[in-house]
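Undergrad: Okay, predicted coordinates and the sequence, questions at the end:
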Amino acid sequence: MPILDRRHFLSLATLAAAAHTLPASAPAPAVSPGSLKLVFFTDTHIQPELQAGEGTALAMQKIRSLKPDLCIQGGDHCFDLAAVPRDRSLMLLDLYTKTEQTLNGIPIHHVIGNHDVFGRVPSTGVQPADPLYGKKAFEQRFNTKTYRSFDEKGYHIILLDSIQITPEREFDAMIDPVQLAWLAADLAATPAGTPMIVVSHVPLVSAAPQYSLPDDKAAKAAAYQALTNLHGFLVGNARQVIDLFEGHRVIAVLQGHTHINETVFWRDVPYITSGAVSGNWWRGSRWGTPEGFTVLELGAGAVHWRYETYGWKSPEPTPDPLPSIAHPTLSPA
């Protein structure tokens, strides 16, 4: 379970309980879905080093040129709020906020990532009593809850919080019980037949552990977490979440975290993991995936997607053991 202050915990529990007391009558009829262009960009990992601010701005300029109806930032806005002192974290948040203005008013929704948890690591000197500790900095800076849902042009979009903090201040990729109860109620309250998009920073479904490289730092960290009964690469209780999708029209699940471009189909649902804006943490491509983001075109309840690069060249690239590959323009029909 995550560490929560009493007031925040009680408010979440109250919301979940209220959701369970929704009237038993059937939801209102679904709104006919229209056309929607959505850009999903994730893992910007902004920092002053390696020209990451300039790279993020360049990606956002490319996104703006595509004229999307809205954007979703899939987590890990900065590098690294979890592990650096308070003053640097505030500087990083300011840098990200300033750089995001490049989108020039395009609506944007934010998902929390594991590197967005303020002062989680004890060596930062940040104490749990700090008013920004943990997820509070994310909620305050982006004026949002860590999980929520909204409707756009006949599509229901669900943003999940896959990041939990253990009592030992470790990171564990899980969907906590209060959030699971909220998700079940949210799905039940959505009109039957409504096409849904679900977003999670840490993947619910991915083949990344199957082809991770043995000398990769992220893979090693995930292996360590597995030894300590924590979850790093994938959401640990993903099956509980996926089972809730049964009987609902989930047309896509958007994911980040691994920095690779990948789509896995499970029960006819595409689990689309996007490559990172930062690539290999601003040092070139990541397992053959160059720096980029995912563009989704939705129409009449169907979804097509493509991976877009934006022309960034790292000033200090690290050789990628896997060559970059051509990315398909559209998803399978």
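TA: Alright, I've got the coordinates.
Undergrad: what's around the spatially closest residue to Thr190 that is not a sequence neighbour, how many residues?
TA: Once flanking residues are discounted, Thr190 sits nearest to His156: 5.1 Å by CB to CB, 6 or more residues apart in numbering. Quick note: C-beta positions are derived from backbone N, CA and C, even for glycine. Neighbourhood size, His156 [other CB atoms under 10 Å]: 24.
Undergrad: List the contacts of His156.
TA: 149-150, 190, 194-197 (CB atoms under 8 Å, 6 or more residues apart in numbering).
Undergrad: now do Leu58
TA: 310-312.
Undergrad: Wait, Pro122 touches Glu170, no?
TA: No: under the criterion of CB atoms under 8 Å, Pro122 makes no contact with Glu170, lying 10.4 Å away.
Undergrad: Of those two, give the one with the bigger neighbour count.
TA: A count of neighbours by other CB under 10 Å puts Glu170 above the other of Pro122 and Glu170, at 14 against 11.
Undergrad: tell me the contacts of the more buried one?
TA: Contacts of Glu170 by CB under 8 Å, 6+ apart are 225, 228, 230.
Undergrad: Next, please give the residue ranges for the helices of the stretch 151-300 of the chain.
TA: Under the criterion DSSP state H, counting those that start in this stretch, the stretch 151-300 of the chain carries helices at the ranges 177-189, 208-211, 217-227, 238-244.
Undergrad: Which one of these lies nearest to Gly279?
TA: Between Gly279 and the helices of the stretch 151-300 of the chain, the tightest spacing by CB to CB is seen for helix 217-227, at 12.9 Å.
Undergrad: what's that closest one in contact with?
TA: Residues contacting helix 217-227 (CB under 8 Å, 6+ apart): 170-172, 209, 212-213, 231-233, 258-259.
Undergrad: now those residues: which count as buried?
TA: 171-172, 212, 231-233, 258-259 (16 or more other CB atoms under 10 Å).
Undergrad: By pLDDT, rank those and give me the bottom one.
TA: Lowest pLDDT among the buried ones among the contacts of helix 217-227: Ser212, with 76.
Undergrad: Next up, the contacts around it.
TA: Contact partners of Ser212, counting by CB under 8 Å, 6+ apart, are 218-219, 222, 233.
Undergrad: could you dump those to CSV with distance to Tyr271?
TA: Shown next, in CSV, are these (distance: CB to CB, whole Å):
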residue, distance to Tyr271
Ala218, 19
Ala219, 19
Ala222, 18
Phe233, 13
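Undergrad: Let's see the PyMOL selection covering just the buried ones among those.
TA: Filtering the contacts of Ser212 down to the buried ones (16+ other CB under 10 Å) takes a single PyMOL command:
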select buried, resi 218+219+222+233
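Undergrad: how about the strands in the stretch 151-300 of the chain?
TA: Applying DSSP state E, counting those that start in this stretch to the stretch 151-300 of the chain gives strands spanning 155-159, 163-165, 171-173, 196-200, 250-255, 262-266, 269-273, 292-299.
Undergrad: Within its local environment, how many residues does Leu70 see?
TA: 17.
Undergrad: Look up which residues are beta-bridged to it.
TA: Beta bridges link Leu70 to Leu38 when assigned by DSSP bridges.
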